[in-house]
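In: Just to be clear, the model below is a prediction. Sequence and coordinates:
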Amino acid sequence: MKMPESMDECIFFTNRILEDKTKLRAWVPEGQNIVNIIYTCGKCGYEGEVSQNYEKPITFICEDCGEKIVVKPLKKGKRGRKKKKKK
């Protein structure tokens with residue numbers, strides 16, 4: 001699975017650690033309705049890749065342990081990079 005070179009190539013991109021400690025990168029290339037996911041399962045540590053239809057919330061199953069993983073939308077105000085506090 002090829003990572004996009006820029007977020008400008010995507011209609012959706014996320015790189016985060018979920019509440020269950022699952023680490024993932026997910027993106028939807030411009031002009032497509034397929035989400036590509038590279039993940040490390042928080043339950044079993046399995047590293048895998050998944051491509052599936054893009055629907056919110058993104059939900060998929062760990063290929064190793066069968067854990068259901070849900071990528072919930074970020075709450076308003078939590079998107080993007082954190083701004084540094086001025087001293």
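Out: It's in.
In: from here on, contacts and neighbour counts on C-alpha atoms
Out: OK.
In: residue contacts, the spatially most central residue of the chain?
Out: By CA atoms, centre = their mean, the mean C-alpha position of the chain lies nearest to A26, the distance being 3.4 Å. By CA atoms under 8 Å, 6 or more residues apart in numbering, the contact set of A26 is 12-15, 35-38.
In: In strands only, show me these.
Out: 12-15, 35-38 (DSSP state E).
In: Is it possible to mark the buried ones in those?
Out: Among those, the ones that count as buried by 16 or more other CA atoms under 10 Å are 13-14, 35-38.
In: Pick the one among those closest to L74.
Out: The nearest member of these to L74, counting by CA to CA, is T14 at 9.8 Å.
In: Enumerate every residue touching the closest one.
Out: Contacts of T14 (CA under 8 Å, 6+ apart): 24-27.
In: try 10 Å this time
Out: 7, 24-28, 37, 71, 73-74, 79-80 (CA atoms under 10 Å, 6 or more residues apart in numbering).
In: Kindly present those as CSV, with separate columns for distance to P57.
Out: Below are the contacts of T14 laid out as CSV (distance: CA to CA, whole Å):
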residue, distance to P57
M7, 20
L24, 14
R25, 15
A26, 12
W27, 13
V28, 13
I37, 13
V71, 6
P73, 7
L74, 10
R79, 16
G80, 18
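In: Which among those count as buried?
Out: Using 16+ other CA under 10 Å as the burial test, the contacts of T14 include 24-28, 37, 71 as buried.
In: nearest spatial neighbour of D20, skipping sequence neighbours?
Out: G42 (5.6 Å; CA to CA, 6 or more residues apart in numbering).
In: Also W27?
Out: Per CA to CA, 6+ apart, closest to W27 is F13, 4.2 Å.
In: I figured that neighbour was touching R25, is that so?
Out: Yes: here F13 reaches R25: they are 7.4 Å apart, a contact under CA atoms under 10 Å.
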